[in-house]
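Asks: Would you be able to build a 3D model of this:
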Amino acid sequence: MIFKSNPLKQLLYQLVKTAKADAEKRFSAAKISVTPLQYGILVLIKSKPITIKEMAKTFSMQPPSLVPLVDVLEDEKYLLRKPDKKDRRNLNLVITKKGTQLLSKFPMGDSESGLNKAFSKLSVAKQKQLLELLKELNNNFPV
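Replies: Below is the predicted model:
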């Protein structure tokens, strides 16, 4: 179904914009020296080292747009680039102790985020329904 003025698209855009502003405000108040996207990079590499190319796929971005963000994180000693043991042409991004400390200072998905507060006001059934709809929407994106 196509909406004449596309209110769904407008609402999703506003939701993303509001959530981003909330995260930036909370990062600033907590004196976190990285952007929410850089924080997301650290969260991603905490579980396992990955390459910029793999990260770009996860974030649906082009690898060159992530390089400056990773450079800052490396300069600030939040991560390291290490040659892959299986293929030395690839560089894995590995979180450092300082990066792990930053993540523990500001846990992801804490109950104080505006998005979590808004989500928690929905019934469990509506939360599940929204999750399924968002998964479907995400899966419908052209690759």
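Asks: okay, the helix or strand harbouring residue 82 in PDB with CA atoms only?
Replies: When elements are assigned from DSSP states H and E, residue 82 belongs to strand 79-83. Extracted in PDB, the C-alpha atoms of strand 79-83 (Å, rounded to 0.1, in the frame of the first residue of the first chain):
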ATOM      1  CA  LEU A  79      40.400  -0.700  19.300                       C
ATOM      2  CA  LEU A  80      43.300  -2.200  17.300                       C
ATOM      3  CA  ARG A  81      43.700  -3.400  13.800                       C
ATOM      4  CA  LYS A  82      45.300  -6.800  13.800                       C
ATOM      5  CA  PRO A  83      46.200  -9.100  10.800                       C
END
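Asks: That strand - which strands sit beside it in the sheet, and in what orientation?
Replies: If you go by DSSP bridges, strand 79-83 pairs up with strand 91-95 (antiparallel).
Asks: Now do the strand it pairs with: distance to the chain's middle.
Replies: In terms of C-alpha atoms, centre = their mean, to the nearest Å, the centre of strand 91-95 is found 17 Å from the chain centre.
Asks: Now tell me what touches the helix or strand harbouring residue 43 from outside.
Replies: Here residue 43 sits within helix 36-47, counting by DSSP H and E. Residues from elsewhere that reach helix 36-47 (C-beta atoms under 8 Å, 6 or more residues apart in numbering): 20, 23-24, 27, 32, 34, 50, 55, 58-59, 66, 69-70, 72-73, 78-79, 93-95, 99-100, 102-103, 106, 108. All C-beta atoms are positioned from the backbone trio N, CA, C, and that covers glycine.
Asks: quick one: average pLDDT of the strand holding residue 82?
Replies: Averaged across strand 79-83, pLDDT comes to 95.
Asks: do the same with stretch 121-134
Replies: The model assigns stretch 121-134 a mean pLDDT of 92.
Asks: and the gap between residue 111 and residue 131?
Replies: Look at residue 111 and residue 131: by C-beta to C-beta, to the nearest Å, they are 18 Å apart.
Asks: Same drill for the two, tell me which one is more crowded.
Replies: When residue 111 and residue 131 are compared on other C-beta atoms under 10 Å, the one with more neighbours turns out to be residue 131, at 11 against 8.
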